[in-house]
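Peer 1: Mind folding the following:
(2 chains)
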Number of protein chains: 2
Amino acid sequence: MPPLSNTVSDGRSRVVIENLTPEIDGGLFPIKRTRGESVTVEADIFTDGHEVISCILLFRREQEKAWREAPMKLLVNDRWAGGFVVPELGRYVYLIAAWVDRFKSWRRDLQKKAEVGEHAELDFLSGALLLEETAARASPGDQKKLAQAIKSFRAKEESLPAKLASALSDELLSLVEAYPDRSLETRYAKELGVVVDREQARFSSWYEMFPRSCAAKPGAHGTFKDCERLLPYVASMGFDTLYLPPIHPIGRTHRKGKNNAITTTANDPGSPWAIGSKEGGHKSIHPQLGTLEDFKKFVRKAESLGLEVALDVAFQCSPDHPYVTEHPQWFRWRPDRTVQFAENPPKKYEDIYPLDFTSDQWRELWQELKSVVEFWLEQGVHVFRVDNPHTKPLPFWQWLIGEIKKDHPEVIFLAEAFTRPKVMYRLAKLGFSQSYSYFAWRNTKAEIAEYFQELTQTEVREYFRPNLWPNTPDILTEYLQFGGRPAFMTRLVLAATLGASYGIYGPAFELLERRPREPGSEEYLDSEKFEIKHWDRESADSLKEFIARVNRIRKENPALQSDWSLRFHEVDNEQIICYTKQTQDLSNVIAVAVNLDPHHVQSGWVKIPADSLQLEAAESYQAHDLLSGARFLWHGAKNYVSLDPQVAPAHILRLRRRVRREQDFDYFM
Amino acid sequence: MPPLSNTVSDGRSRVVIENLTPEIDGGLFPIKRTRGESVTVEADIFTDGHEVISCILLFRREQEKAWREAPMKLLVNDRWAGGFVVPELGRYVYLIAAWVDRFKSWRRDLQKKAEVGEHAELDFLSGALLLEETAARASPGDQKKLAQAIKSFRAKEESLPAKLASALSDELLSLVEAYPDRSLETRYAKELGVVVDREQARFSSWYEMFPRSCAAKPGAHGTFKDCERLLPYVASMGFDTLYLPPIHPIGRTHRKGKNNAITTTANDPGSPWAIGSKEGGHKSIHPQLGTLEDFKKFVRKAESLGLEVALDVAFQCSPDHPYVTEHPQWFRWRPDRTVQFAENPPKKYEDIYPLDFTSDQWRELWQELKSVVEFWLEQGVHVFRVDNPHTKPLPFWQWLIGEIKKDHPEVIFLAEAFTRPKVMYRLAKLGFSQSYSYFAWRNTKAEIAEYFQELTQTEVREYFRPNLWPNTPDILTEYLQFGGRPAFMTRLVLAATLGASYGIYGPAFELLERRPREPGSEEYLDSEKFEIKHWDRESADSLKEFIARVNRIRKENPALQSDWSLRFHEVDNEQIICYTKQTQDLSNVIAVAVNLDPHHVQSGWVKIPADSLQLEAAESYQAHDLLSGARFLWHGAKNYVSLDPQVAPAHILRLRRRVRREQDFDYFM
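Peer 2: Numbering: from 1, shown residues only, chains lettered A, B, ... in the order given. As a prediction, this is how the structure comes out:
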């Protein structure tokens, strides 16, 4: 006979599995989880006719051969759901298998017939045949049990009611369910991936610090030894990740001066992102900071205080980088035999030579850049903040991150991609563990709610983990410039509670540094990017204690350690934003109310669906402000808040179900 | 060096193409169009950095080798769009290619530099290199033109302004655009399909008729000759497709009597869906209807009147079907050596044996069923209404329709799948040209609007073409039972204007047959499924003239011949529904207002966004009721309608922009 169409391998595999979630871009990219989290998989699963189907979820670690199985349940409208937990770092894969279940179909039909008294001996004879088929797949012990059932189904002397009871028994169902006929099962055509990271990929508190500004003496170039001295200061604020801008030798040629000036004096240290000089390139340390040994000692000391050091990956070169002479083919040469510097006309960056990823030598370049990451891994660094990844080829990052994480699944890559949304999301899909976000420019209630709903309530959350920064060395927002101390507090609370991961660029942040280079600019005046700063870390005005309190609240409240439960709630005042986060078991419920107006007291009624949080809204419940320590008795869905920005522009409220009442006293009854 | 990851074939292919639409289930299924329609393709397309990219849409007929190209334009937010027309029946495929365009990048940067006066000789030397590369790909004639440009770019004596003018000229751009460097282009990884059907797949008016009820003499068994006599009657109502329930020999064993009775008299003709007797099976004609020659003559006669005959494909057998003895392996046998009849406990259909698609002989069965369709194709039938496709394996239909349409792309398959939504849509995806829908049970304004928005404004429209039936031999809705003549008119207008394809089961419909078998039942009393009926087609109460008018309106107004433009509009009366359809060029705009209450006059203000329909709402425009002939002068967005169900429960208004005013008279000035 003529061959059947390619689409039909066995026309008897009748079950359809479609619209499976989560599945990113048709299975091209994995979803992301952290260790111990679960993956809920759903799909539309059905077959022709009205036979009963069985579905299971199959999953395994990628390097394992054998599939593990998890049950799936029918929800509604042919949608099924199941889940599994990912306890190990690395990669998992999953898919669904489903088949027409002839035993369950027979059992369901028998039950329906029995309800109208139309079951007959013939039905049990049909059932006996199915049990015989099952027995052929069963263990010897279960074969015996099945033989007994078969015998009784066939026994003329056995009564119909007795046969029926046995046929519909849970025991028989469990027995047969252990040996399903899956010969004609449908398997979902794609194996879908999960990348499992460590917890820090989901929950982290970052602090950015320029090591050269850490000297005790004003004007002196800081060293890693100086940095060691400051570690207790950073640790006392409760951060867990300490990110350093590039620590490599800085180029001389076209070095930038103060405030990005094109002329320099001998003392100008240059931008740390102009990497490479005769002292070395991406695998070297700027001599004024110390030695590689100093750096490693500093990393270990930080670790002992609960701080993990994150390095900057900035794949670009100063004109003095050794690559320029050793690998001229990695740069784009102009007809005048000079290297094309970075530019985005009319802007020019003469101190930066971009690498040319499209030369014939691209494979060698990729390998070299991979060896840079590997070098720092060997020095004990496992977190990397990647500078402008969107200006290097997207396939390069997919390859690099994939290669590195094969042997080092613990590594975290943070993408600094302040670019268009599609590019930002693509970088997340292709492997970045976290990403800077548009948070800095979301200031009004509507802007914040819309953006964070997109990040936490759509498919985006499966692959994009936002890291929220109220400031960076490149970003001093107008909100911070004009809002004074309350604005810094507001943006800190928002970053730290909207995002399970957030970071600040300090000490500029805690010391409320807010002078722009010029009106309308988001650049800092006298930016630390171009000069050594001396910070008064003990300033009375410092936010360090407020920050420490917020970070302690984050550590003590698991609700704030992930993003998916975020929900916004109605407030009858446009200047107050209110949202909740909770753990899945509702043992930890946090409500946050923030006054977005840094100038005036704002008050309003917040409307939280207490019932859905199992707070028994009909009774009173407790709203405990973890920032101020105050405890409010709340009642029902609508409650009043009043926030004075001069005192504290926010409540971070732990909502607790149990409020003591008179009945709770021993003497009451 | 170690091999790169599989994901990277050439790491220099830097453009990303994602989120392409339309793409059904990751490219598993084709979209549908009819001849001459267009396909609009969109995708998110971007690359790293800020170089300029070029994108083109590639398409071809499936059997052709060479791709054709259509331009794509950037919309917004990295989204690009392009389109192509499909003039031929059969299958097309399409995808997108995109690449970093170095010439356009250079040109854009040059322009930006020139704006601030920073362009220099060096820029033109770089440009000359790009032109040299282009010349290597160009035709001899264009090579000369390029050589001239290169020479002037390099000429020391040529002025900068002259070079700039030449570099930014449209001529040079067109010249270079003809020879793009696509060596590192990204091609979308999948070829996506389009099935192109003939126009009837999109726009059709069906009439269902039992041939055995066509005899002139009451009680006599109708023949194809009788049917011929009735063709002018059907044609006069304006239908284009005449669908006959099964015309094959009807089984005797367990034949059903009047009103589905399990006992019969000798005169009971049985259900036409109980196919097969000693006179033959699916390739035979019920002897009382006539011969195969009679049938073919009838088909030709119908064609001459503009009526295409559609046959029923009901893949099931009566116990007397020749297959039962010739191919016992195609049926499921019970332990008592009887064949399992159709049942859905506690319901039993003893006169129907389902085919067993899961036996070892499934391939032979599939081939035989395909030969059934081929047999009727040979007799001149090209439209098939498929009975209960959802009770046969879904892969079977995908294979069958695919195989048949390879050689017969003109064939139309209508799925009678009154089943769950996911199954209904899957049947459409896998190949059915049209499908019955839930229209019969959508009666209120909200129900209708919600359902038809799903069908016409979501991805569903790419593969699912609804066919709207207010009644069928199985469905007499409560709305028709209780609403009298106005209800029939209302449902007819809704079916014929909401749907480009619709059908009625006649003459029950036009003769207002509305007696249910029992209260609460949707079955007809004395259903034609079980007996021969004699219809008084000349009844004074018949809707035939109303139907003829509605079908003429459909034929004369292309807006009503497709579904995608459907939009619902606000009316301040819940009993009045209002919607518009229009052609793309707005040359034909139809507004429909229907009173859903069959008992009372209903009035209200309808709000149509006249401006978006280019009706110049500030002026008056004409609303010409094509049903009554009345012409209203409408003005602005809100206009008044009043609909008396006893007269006409609907307006079908053609909206026309030009209304004569005094200025239009020669004498006015």
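
Peer 1: Kindly spell out which helices and strands sit in contact with the strand ranked longest in chain A.
Peer 2: Counting by DSSP state E, the longest strand found in chain A is strand A:90-100. With contacts taken as 3 or more Cβ pairs under 8 Å, 6 or more residues apart in numbering or on different chains; DSSP states H and E, strand A:90-100 sits against strand A:16-21, strand A:38-46, strand A:53-61, strand A:79-85, strand A:186-187, strand A:192-197. For glycine as for every other residue, the C-beta is placed from the backbone atoms N, C-alpha and C.

Peer 1: ok now the following helix or strand past it, how far from the chain's centre?
Peer 2: Later in the chain than strand A:90-100, the nearest helix or strand by DSSP states H and E is helix A:102-115. Taking Cα atoms, centre = their mean, to the nearest Å, one finds helix A:102-115 lying 46 Å from the centre of the chain it belongs to.

Peer 1: Tell me who's in contact with residue A:649.
Peer 2: Residue A:649 makes contact with A:486, A:489-490, A:493, A:594-595, A:598, A:643, according to Cβ atoms under 8 Å, 6 or more residues apart in numbering or on different chains.

Peer 1: Let me fix that, I meant to ask about residue A:350.
Peer 2: A:254, A:262, A:341.

Peer 1: Who wins on neighbours among those residues?
Peer 2: residue A:254 (19 neighbours; other Cβ atoms under 10 Å in any protein chain shown).

Peer 1: Can you tell me what sits against stretch A:320-335?
Peer 2: A:251-253, A:275-278, A:280-281, A:317, A:339-340, A:353-356, A:359-361, A:364-365, A:368, B:122, B:125-126, B:128-129.

Peer 1: Tell me the buried residues in it?
Peer 2: Buried residues in stretch A:320-335, counted by 16 or more other Cβ atoms under 10 Å in any protein chain shown: A:320-324, A:327, A:330-331.

Peer 1: Tell me the one of these nearest residue B:208?
Peer 2: residue A:330 (73.3 Å; Cβ to Cβ).

Peer 1: Next, work out how far apart that closest one and chain B are.
Peer 2: Noted for residue A:330: a distance of 13 Å to chain B, by Cβ to the nearest Cβ, to the nearest Å.

Peer 1: Please apply the same query to residue A:115.
Peer 2: Taking Cβ to the nearest Cβ, one finds residue A:115 at 7 Å from chain B.

Peer 1: Contact partners for that residue?
Peer 2: residue B:346.

Peer 1: who in the stretch 151-300 of chain A is up against chain B?
Peer 2: residue A:184 (Cβ under 8 Å from any Cβ of the partner chain).

Peer 1: give me the residue from the stretch 151-300 of chain A nearest chain B.
Peer 2: Nearest residue of the stretch 151-300 of chain A to chain B, counting by Cβ to the nearest Cβ: residue A:184, 7.2 Å away.

Peer 1: Confirm that that residue sits in a helix.
Peer 2: No: counting by DSSP: H, G, I helix; E, B strand; the rest coil, residue A:184 falls outside a helix, being coil.

Peer 1: ok, it - contacts?
Peer 2: A:10, A:12-14, A:99-100, B:358 are the contacts of residue A:184 under Cβ under 8 Å, 6+ apart.

Peer 1: what are the phi and psi values for it?
Peer 2: Backbone torsions of residue A:184, given as degrees, to the nearest 10, read phi -110, psi 30.

Peer 1: ok, residue A:343 - how many residues close by?
Peer 2: A count of nearby residues for residue A:343, using other Cβ under 10 Å, gives 16.

Peer 1: swap that for residue A:279, sorry
Peer 2: As a burial measure, residue A:279 scores 15 neighbours (other Cβ under 10 Å).

Peer 1: Tell me which residues touch it, please.
Peer 2: Applying Cβ under 8 Å, 6+ apart, we find residue A:279 in contact with A:249, A:286-287.

Peer 1: who wins for neighbours among these?
Peer 2: Neighbour counts for the contacts of residue A:279, by other Cβ under 10 Å, peak at residue A:249, which reaches 27 neighbours.

Peer 1: So that residue sits against residue A:287, correct?
Peer 2: Yes: with contacts counted by Cβ atoms under 8 Å, residue A:249 reaches residue A:287, the gap being 7.0 Å.

Peer 1: From the centre of chain A, give me the residue that's furthest out.
Peer 2: residue A:157 (65.0 Å; Cα atoms, centre = their mean).

Peer 1: Phi and psi next, for that residue.
Peer 2: phi -80, psi -20.

Peer 1: Per-residue pLDDT of it, please?
Peer 2: Looking at residue A:157, its pLDDT stands at 90.

Peer 1: Helices along chain A, start to end?
Peer 2: Taking DSSP state H to define them, one finds helices in chain A at A:102-115, A:121-135, A:140-154, A:160-167, A:170-177, A:224-236, A:292-304, A:322-326, A:362-378, A:394-407, A:421-430, A:445-457, A:478-498, A:544-556.

Peer 1: Great, nothing more from me.
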